[in-house]
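Asks: I would like the atomic coordinates for the input below:
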Amino acid sequence: MTEHEDVSPDTGKPISLRDDTPHITPTLTESDTNHMLYLVITAAVFLLIGLLIATALTSGDDDSVSRSELRNAVQEAVGTEVANAQPAPVDDEGGSVNQDELQAMIDEAVGTQVQALVPTNTPIPPTPTRIPNEIAFDDDAFLGPEDAPVVIVEFSDFQCGYCGRWYQETLPQILEAYPEEVKFVYRDFPIFGEASARAAMASECAEEQGSFWEMHNSLFNLLDEPDRRELTDDTLISVAGEIDLDTDAFSECLTSERYMDEVLQDYTAAQSYGFRGTPGFVINGTVYTIGAQSFEVFDQIIQLELAQVDTIS
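Replies: This next block holds a predicted model:
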């Protein structure tokens, strides 16, 4: 089970860094509107599946969740949305699809996805890609000993909810359990548009004043705010003030966009390693597209890496 946010595969650049294209305002027919409604409902189905599986993975309960329990929970959650869906979506031949037919589509989709995505405690095998550590972590900010035997490089986005959860729940456990054995490196993979790219640059600007991790932590903490602030320049400058940075110097750095190349370098590296969503990890040179898994999953990987180090030494 992979828990991550996805990036659109149709471009080699972050959403915020695509070439400008003319803005065309489409004229939507009733058929278009109906079809869009169907797509929205379908997207909601898979979002709910993801949320329920994420809950199952992090519940801490020793009892596994059965396929039938997971399927029933998803169908119940989606049922209300389907009942309220008006007008009905259109089928492939342009005719309307009634609520029973729509429910049948969703039941089939739910069954297929639940079958494939039942939670497991077994780590997903890494891809065969092997990257030298010094290339994987570049010169980015890190926590832990510089010469630690295990290097975990995270590629992340400050607007990614899964990344925020991993920062809040899993990373502290790793650093506490392996204070001398793990070096944690943060790299940018801004897949959610202009705001993500500017937040990434803001963290680099904060590093100029020796406060990368204070900015990193504050930006992820914004995800938990009841009235979540948008990551505008004003918000970023406000956060800089909250962590006692020189806001004039910070503002000048952000406006100059002098770390755009650094952010692009991280983004390009993430794509070259095969990441299509956040978070993604490179652990001792091995690429793991496993997303925001629990401490137990990372603990197994770290133990395997440490065992290899002991064998070599």
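Asks: do you know the pLDDT at Y288?
Replies: Looking at Y288, its pLDDT is 93.
Asks: and for D139?
Replies: Looking at D139, its pLDDT stands at 74.
Asks: state the number of residues packed around it.
Replies: 8 (other CB atoms under 10 Å). C-beta: built from backbone N, CA, C; applies to glycine.
Asks: OK, contacts around it?
Replies: For D139, the contact set (CB atoms under 8 Å, 6 or more residues apart in numbering) is empty.
Asks: ok, now R228?
Replies: L222.
Asks: swap in 10 Å and give it another go.
Replies: By CB atoms under 10 Å, 6 or more residues apart in numbering, the contact set of R228 is Q159, L222.
Asks: what about dumping the CA coordinates of stretch 288-306 to CSV?
Replies: Output of stretch 288-306 as CSV, limited to C-alpha atoms (Å, rounded to 0.1, in the frame of the first residue of the first chain):
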residue,chain,number,x,y,z
TYR,A,288,11.6,3.2,-2.1
THR,A,289,8.3,4.4,-3.6
ILE,A,290,6.4,3.3,-0.5
GLY,A,291,4.9,6.6,0.6
ALA,A,292,4.1,7.6,4.2
GLN,A,293,4.4,4.3,5.9
SER,A,294,4.6,3.7,9.6
PHE,A,295,7.7,3.5,11.8
GLU,A,296,7.5,-0.3,11.8
VAL,A,297,8.0,-0.4,8.1
PHE,A,298,11.0,2.0,8.2
ASP,A,299,12.4,0.2,11.2
GLN,A,300,12.6,-3.1,9.2
ILE,A,301,14.5,-1.3,6.4
ILE,A,302,16.9,0.4,8.8
GLN,A,303,17.6,-2.9,10.6
LEU,A,304,18.4,-4.6,7.3
GLU,A,305,20.7,-1.7,6.3
LEU,A,306,22.5,-1.9,9.7
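Asks: low-confidence ranges in the stretch 201-313 of the chain?
Replies: 312-313 (pLDDT under 70).
Asks: quick one: the helices in it?
Replies: 212-221, 233-242, 247-256, 260-272, 295-312 (DSSP state H, counting those that start in this stretch).
Asks: which residues touch the first one?
Replies: When you say that, I think you mean helix 212-221. Residues outside helix 212-221 that contact it (CB under 10 Å, 6+ apart): 140-143, 156, 158-161, 163-168, 171, 186, 199-200, 202-207, 209, 211, 231, 235-236, 238-240, 242-245, 250.
Asks: same thing but at 6 Å, please
Replies: Outside helix 212-221, the residues that touch it by CB atoms under 6 Å, 6 or more residues apart in numbering are A141, F158, G164, Y167, A199, S203, A206, V239, I243.
Asks: that older thread, would you turn the helices of the stretch 201-313 of the chain into TSV with mean neighbour count?
Replies: Output for the helices of the stretch 201-313 of the chain, formatted as TSV (neighbours: other CB atoms under 10 Å):
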stretch	mean neighbour count
helix 212-221	19
helix 233-242	17
helix 247-256	16
helix 260-272	19
helix 295-312	15
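Asks: quick one, which of those helices is nearest to Y288?
Replies: helix 295-312 (7.2 Å; CB to CB).
Asks: for the helix or strand where Y162 lies, packing partners?
Replies: Assigned by DSSP states H and E, Y162 falls within helix 161-165. Contact here means 3 or more CB pairs under 6 Å, 6 or more residues apart in numbering; DSSP states H and E; on that basis helix 161-165 packs against no helix or strand.
Asks: beyond that helix, next helix or strand please.
Replies: helix 171-177.
Asks: mind listing what's buried along that next one?
Replies: Using 16 or more other CB atoms under 10 Å as the test for burial, helix 171-177 gives L171, I174.
Asks: just the residues contacting that helix, thanks.
Replies: Applying CB under 6 Å, 6+ apart, the contact partners of helix 171-177 are V182, F295, F298.
Asks: C-alpha coordinates for that helix, CSV please?
Replies: Extracted C-alpha coordinates of helix 171-177, given in CSV (Å, rounded to 0.1, in the frame of the first residue of the first chain):
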residue,chain,number,x,y,z
LEU,A,171,10.1,10.8,11.6
PRO,A,172,10.3,11.6,15.4
GLN,A,173,10.2,7.8,16.1
ILE,A,174,13.0,7.2,13.7
LEU,A,175,15.2,10.0,15.1
GLU,A,176,14.5,8.8,18.7
ALA,A,177,15.2,5.2,18.0
